[in-house]
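Colleague: Sequence plus predicted model, see below.
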There are 2 protein chains.
Amino acid sequence: MSPPSKAIVYENHGSPDSVTRVVMLPPVEVRENDVCVKMIAAPINPSDINQIEGVYPVRPPVPAVGGIEGVGQVYTVGSMVKSLSLGDFVIPSPLSSGTWQTYVVKDESMWHKIDKRCPIEYAATITVNPLSALRMLEDFVSLKSGDSVVQNGATSMVGQCIIQLARLCGIRTINIIRDRVGTDVTKEKLKALGADIVVSESQLNEKNFKSHLGNLPEPVMGFNCIGGNVASLVVKTLREGGTMVTYGAMSKKPITVSTTSFIFKDLSLRGFWLHRWMHLEKVKECRKMIDYLIGLARDGKLKYETELVPFEDFATALDKAMGKRGNHPKQVLKF
Amino acid sequence: MSPPSKAIVYENHGSPDSVTRVVMLPPVEVRENDVCVKMIAAPINPSDINQIEGVYPVRPPVPAVGGIEGVGQVYTVGSMVKSLSLGDFVIPSPLSSGTWQTYVVKDESMWHKIDKRCPIEYAATITVNPLSALRMLEDFVSLKSGDSVVQNGATSMVGQCIIQLARLCGIRTINIIRDRVGTDVTKEKLKALGADIVVSESQLNEKNFKSHLGNLPEPVMGFNCIGGNVASLVVKTLREGGTMVTYGAMSKKPITVSTTSFIFKDLSLRGFWLHRWMHLEKVKECRKMIDYLIGLARDGKLKYETELVPFEDFATALDKAMGKRGNHPKQVLKF
């Protein structure tokens, strides 16, 4: 049997701060192929919040434990388990629900052993954001060294990953950020990660916006996680024949594109959802890429900000993750 | 030398009814590789009008003769011409400007000999609309017999061609038409061409719009030549993973799509422009397809309405083509 597990549970869909509560779940059986993992850390992702709200296209039946990614250490193993041993560091792969708790029991095949030397805040968050960035860079357009790409929401975690992963392949990035206090600091931060051009929304709204894009080639690909007017800034920056991939909807506004952009500029608009990709029987391929990303994080070649928060302070972390207390880095629960 | 040629010429860009005039052009030299063609018929396409207005992305230098497609008969040939003989029926292929005149002289390689048995109103119009329909059905999605597609502007010439060409491959069509007087007559006309479902915009705006789509599979592909809300009707009808191709902009309104359509419904939005496709060194491939379409038209398997108008009545035909006199079939000048 597993130890009892302290978990964030919701019994109904609704606003996470009102429907979630801390519950001590009773011990569960560790069957012969099961592995019981003592969770170390797990992030609060926007999709976790949407799942609890009941507005996400996939959601586990309630009552449910929150969270879909995280990192833990093997605590006990069933009698038939061969690939994992006590003390191994593991992540759920593919993503699987119920990581916001102290002990998780799942079939051996659901866990992927990772390099212990990777800092836990990276190990806990390596799939939802960094893997999305990697897939989007590889799946839609055959990018070559020297090409450039453009993105809005460049300060987001995916945005930061795109900058760094592109850089590693010789791909240049044009990064659109909001106009707000501290723009200069943000620009410097992104440039330190490897951004070639950082440009504000208002600069791209100028008539001679191309003067802000340096001498990079016109981008062949764009990434949009905002929608509305800020998606249009990506569209207008793309070169003829370019592709924009939408993976987020921070403004909750739709995307409006002229018909001539399709007919004469030959643009393609696509979408990316990690969940779909991970369910295409790509577990093996997926784990290879996770290992690549874990290696980069271990070696300090992939960096992004997170904030480790004690599990006891879940309510505060949730508020921050929901944007109720201004801008904060990704909240990562530490068990 | 060619005979003098009576031509529709424009010396400046502007509204076609004010900038075009009839000019008698002097004889031109028929060089050894040239073929002089006595034009029989040539249509007034929307892109011809846009070219004269100066709002089309490609436009010949002015002064220019209007028109880019048509059919004619070989009148004289240069001394080195081998593939064409007096009396052959030919069309310019790829499309080439200056077909609104009685005699056209071009290099032998610019003309494609066609089957004389094809009615001239079809031969004159086989490229811009029917070839677009054929390319769009083949270039974006690998359609299989039994699949279905959805289109707005179904009564347009391209729309009518899509219905018939799809039908020949066992592909079912859902056709969106405007709500206006005579809807029932329009429905019957399109069904006579092979349309499986004909549905009005207002029917698709109903909550239970799927009840109007019969038991066809959800469409894997959509065609949009209108934009605005009517493009959204195509988008909402598509199945998960579907593709919408935009090839026209009749409403002159942009296309607005929710971010979730891209992320969760995995839709792709693309564009088609025959001009781009024809310039990809595809002359040979293109002519094969023209022959296929000419054969269908000859055999009565590809039908659409046109109105043959004497060349002298160009001004009236132009008014009709510009929509100034209500709805009329494609205007085809008869020389």
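Modeller: Right, received. Where do you want to start?

Colleague: per-domain residue ranges of chain A.
Modeller: Dividing chain A into domains by automatic domain parsing, as the record does, gives the ranges A:5-127+A:276-334, A:141-271.

Colleague: Any idea how far apart the tips of the shortest one sit?
Modeller: For domain A:141-271, the separation between the terminal residues is 13 Å (CA to CA, to the nearest Å).

Colleague: Give me the mean pLDDT for it.
Modeller: Averaged across domain A:141-271, the pLDDT comes to 96.

Colleague: near chain B at all, that domain?
Modeller: Yes. Domain A:141-271 lies in contact with chain B when judged by CB under 8 Å from any CB of the partner chain; the contacting residues are A:224, A:227, A:231, A:245-249, A:253-271. Backbone N, C-alpha and C define where each C-beta goes, glycine included.

Colleague: Helices - which of the residues you listed land there?
Modeller: With DSSP state H as the criterion, helices contain A:231, A:259-263 from among the residues of domain A:141-271 next to chain B.

Colleague: And the furthest pair within those residues?
Modeller: Farthest-apart pair in these is A:231 and A:263; separation 18.8 Å (CB to CB).

Colleague: Looking at those two, which is more packed in?
Modeller: The neighbour comparison of residue A:231 against residue A:263 (other CB atoms under 10 Å in any protein chain shown) goes to residue A:231, with 27 against 23.

Colleague: and that one, what does it touch?
Modeller: Neighbour list for residue A:231: A:152, A:224, A:244, A:246, A:255-256, B:259 [criterion: CB atoms under 8 Å, 6 or more residues apart in numbering or on different chains].

Colleague: Recalculate using a threshold of 10 Å.
Modeller: By CB atoms under 10 Å, 6 or more residues apart in numbering or on different chains, residue A:231 lies in contact with A:152, A:222, A:224-225, A:244, A:246, A:249, A:251, A:253-257, A:269, B:257, B:259, B:262.

Colleague: which ones among those are found in strands?
Modeller: Among the contacts of residue A:231, the members falling in strands (DSSP state E) are A:222, A:224, A:244, A:246, A:255-257, A:269, B:257.

Colleague: where's the residue positioned nearest the centre of chain A relative to chain B, distance?
Modeller: Of all residues in chain A, the one closest to the mean position by CA atoms, centre = their mean is residue A:129, 1.8 Å from it. The span separating residue A:129 from chain B equals 15 Å under the rule CB to the nearest CB, to the nearest Å.

Colleague: For the stretch 51-200 of chain A, which segments count as helices?
Modeller: Under the criterion DSSP state H, counting those that start in this stretch, the stretch 51-200 of chain A carries helices at the ranges A:120-123, A:132-139, A:157-168, A:183-193.

Colleague: between those, which one is nearest to residue A:293?
Modeller: The closest approach between residue A:293 and any of those, judged by CB to CB, belongs to helix A:132-139 at 6.6 Å.

Colleague: thought residue A:40 was touching residue A:88?
Modeller: No. Proximity of residue A:40 to residue A:88 does not meet the contact threshold set by CB atoms under 10 Å, at 11.9 Å.

Colleague: by contact count, what packs against the biggest helix by length in chain A?
Modeller: Assignment by DSSP H gives helix A:283-298 as the longest helix of chain A. Secondary-structure packing of helix A:283-298 (3 or more CB pairs under 10 Å, 6 or more residues apart in numbering or on different chains; DSSP states H and E): strand A:89-92, strand A:111-113, helix A:120-123, helix A:132-139, helix A:157-168, helix A:274-278.

Colleague: which ones are touching the residue of chain A most remote from its centre?
Modeller: Ranked by distance from the centre of chain A (CA atoms, centre = their mean), the top residue is residue A:79, with 34.7 Å. Applying CB under 10 Å, 6+ apart, we find residue A:79 in contact with A:30-34.
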